[in-house]
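Asker: Return a 3D structure for these sequence lines:
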Amino acid sequence: MDFKKRIRDVLDFPQKGIVFRDIGPLLEDKKTFRLAIDRFVSEFKSQSIDKVVGVDARGFILAGALAYQLGAGLVMVRKKGKLPPKTESVKYDLEYGRAVLEIRRDSIKPGERVLLVDDVLATGGTMKATARLVEKLKGKVVGVAFLVILDYLSGRKKLAGYQLFSLISYPR
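Answerer: Numbering: from 1, shown residues only. From the prediction side, this is the model:
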């Protein structure tokens, strides 16, 4: 299956000069969505995953389906102020500013094997911050999965040392 055929390029969104990789058409097609989840499951089923962490917000879609198929728990990492206390937080740099992500302190137990999931890897700041949150709670990140990796950006470098998997890659 050529998953890239189900990604729509939207020019000049959200600002001029940007090509937005829209995953909506892939998710909307029931056959393609099922095949995508099946590919992720086949990649990680031998890893004994305890928790799948989805990153706010499109990561939740993939993480929920993966957690169910892998027989794992689902954990949400959200923007500051969206989760009930008590939370652990981490500040991280964006392309043009700073942001804060949070996770509930009791959502990951020490030693649990964790898969991190999001829709797109661009510059890597959000996923690196997510990995830091899981590691603060003494979870073990065993993999990081994306539908799309934008290889023309620096995300892979920030996640060096983690097992990365994606269905689609856009080269330089």
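
Asker: Quick check, central residue of the protein?
Answerer: Centroid-nearest residue in the chain: D118, 1.9 Å away (criterion: CA atoms, centre = their mean).

Asker: Next, the contact list for that one, please.
Answerer: 54-55, 58-59, 62, 126-127, 130, 145-146 (CB atoms under 8 Å, 6 or more residues apart in numbering). In this view, the C-beta of every residue, glycine as well, is placed from N, C-alpha and C.

Asker: Sort out which residues of the longest helix along the chain are buried, please.
Answerer: If you go by DSSP state H, the chain has its longest helix at helix 30-44. Of all the residues in helix 30-44, those buried under the rule 16 or more other CB atoms under 10 Å are 32-33, 36-37, 39-40, 43-44.

Asker: Kindly present the residues you listed as a markdown table, with separate columns for pLDDT.
Answerer: Output for those, formatted as a markdown table (pLDDT from 0 to 100):
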| residue | pLDDT |
| --- | --- |
| T32 | 98 |
| F33 | 98 |
| A36 | 98 |
| I37 | 98 |
| R39 | 98 |
| F40 | 98 |
| E43 | 98 |
| F44 | 98 |
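
Asker: so after the lengthiest strand in the chain, what's the next helix or strand?
Answerer: In the chain, with assignment by DSSP state E, the single longest strand is strand 140-150. Next along the chain after strand 140-150, taking DSSP states H and E as the criterion, comes helix 155-158.

Asker: List the contacts of that next one.
Answerer: 121-125, 127-128, 149, 164.
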